[in-house]
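K.L.:
Sequence and computational prediction follow.
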Amino acid sequence: AQSVTQLDSQVPVFEEAPVELRCNYSSSVSVYLFWYVQYPNQGLQLLLKYLSGSTLVKGINGFEAEFNKSQTSFHLRKPSVHISDTAEYFCAVSDVQGGKLIFGQGTELSVKP
Amino acid sequence: GAVVSQHPSRVICKSGTSVKIECRSLDFQATTMFWYRQFPKKSLMLMATSNEGSKATYEQGVEKDKFLINHASLTLSTLTVTSAHPEDSSFYICSVQGDLTGELFFGEGSRLTVL
């Protein structure tokens, strides 16, 4: 079975500063990795995903994430955040055999002016 | 990706009544849909997997008779919260599995408030 740990429940940051949201996973098999964003009172929207190939994945809204197999991590980064990036971010994992998507606990990103 | 729509987005009901939430896949034939529940400031908890034409598969601890799921067509799944109580108040989100990678496409969510 897989599990996902998001190391920070809340990340406050000033506008235009860089940000990193951390995600670690555990699995005995190969996995697919995802980052989703949730704005207040809305469903989840896919930011980016890692399936295979290049370990650096670029997503929407200027976000990117790097898959590190040795450290079992998939941290999300953005070089310069905007107020509009304030939201809840979820890391998720599924196994390559078609298993269910397992979510981390979420990280609340709060961008301040 | 698939476009998923939920209705209603918000519903308030009295304790003891039943509430039905619809989840529609607008441009994708979904054999499998998932229903999640989300408490404030919490992650998503998978409630059940909805399978078209067959019974739903419920996660451990989820009451089947309490949360009735029907997946009658490839574009519609419904969640009925029966005899609702205030502790059933939550944000319910449905999703459609796009492909075998596990990627999900989510509806907008439905906020249920039971008075």
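P.N.:
Structure's in. What do you need? Numbers count the residues shown, from 1 in each chain, chains lettered A, B, ... in the order given.

K.L.:
And the pLDDT for the spatially closest residue to residue B:76 that is not a sequence neighbour?
P.N.:
By the measure of CB to CB, 6 or more residues apart in numbering or on different chains, the closest residue to residue B:76 outside its immediate chain neighbours is residue B:24, 5.5 Å from it. For every residue, glycine as well, the C-beta is placed using N, CA and C. Confidence at residue B:24, expressed as pLDDT, is 94.

K.L.:
Do I have it right that residue B:24 meets residue B:4?
P.N.:
Yes: under the criterion of CB atoms under 8 Å, residue B:24 is in contact with residue B:4, at a separation of 7.0 Å.

K.L.:
What's the local residue count around residue A:67?
P.N.:
21 (other CB atoms under 10 Å in any protein chain shown).

K.L.:
Get me the contact residues on chain A for chain B.
P.N.:
For chain A, the contact set with chain B under CB under 8 Å from any CB of the partner chain comprises A:32, A:34, A:36, A:41-46, A:49, A:51, A:90, A:94-96, A:98-101, A:103-106, A:108.

K.L.:
Now, of the residues you listed, which are buried?
P.N.:
Buried subset of the residues of chain A next to chain B (neighbour count, 16 or more other CB atoms under 10 Å in any protein chain shown): A:32, A:34, A:36, A:42-44, A:46, A:49, A:90, A:94-95, A:99-101, A:103-106, A:108.

K.L.:
ok, and the helix or strand in the chain with the lowest average confidence?
P.N.:
Using chain A. When each helix and strand of chain A is scored by mean pLDDT, DSSP states H and E, strand A:102-103 comes last, with a mean of 88.

K.L.:
looking at chain B here, not the other one
P.N.:
Checking each helix and strand of chain B against mean pLDDT, DSSP H and E, the one that scores lowest is strand B:104-106, at a mean of 88.

K.L.:
continuing past that one, what's the next helix or strand?
P.N.:
From strand B:104-106 onward toward the C-terminus, using DSSP states H and E, the following helix or strand is strand B:110-114.
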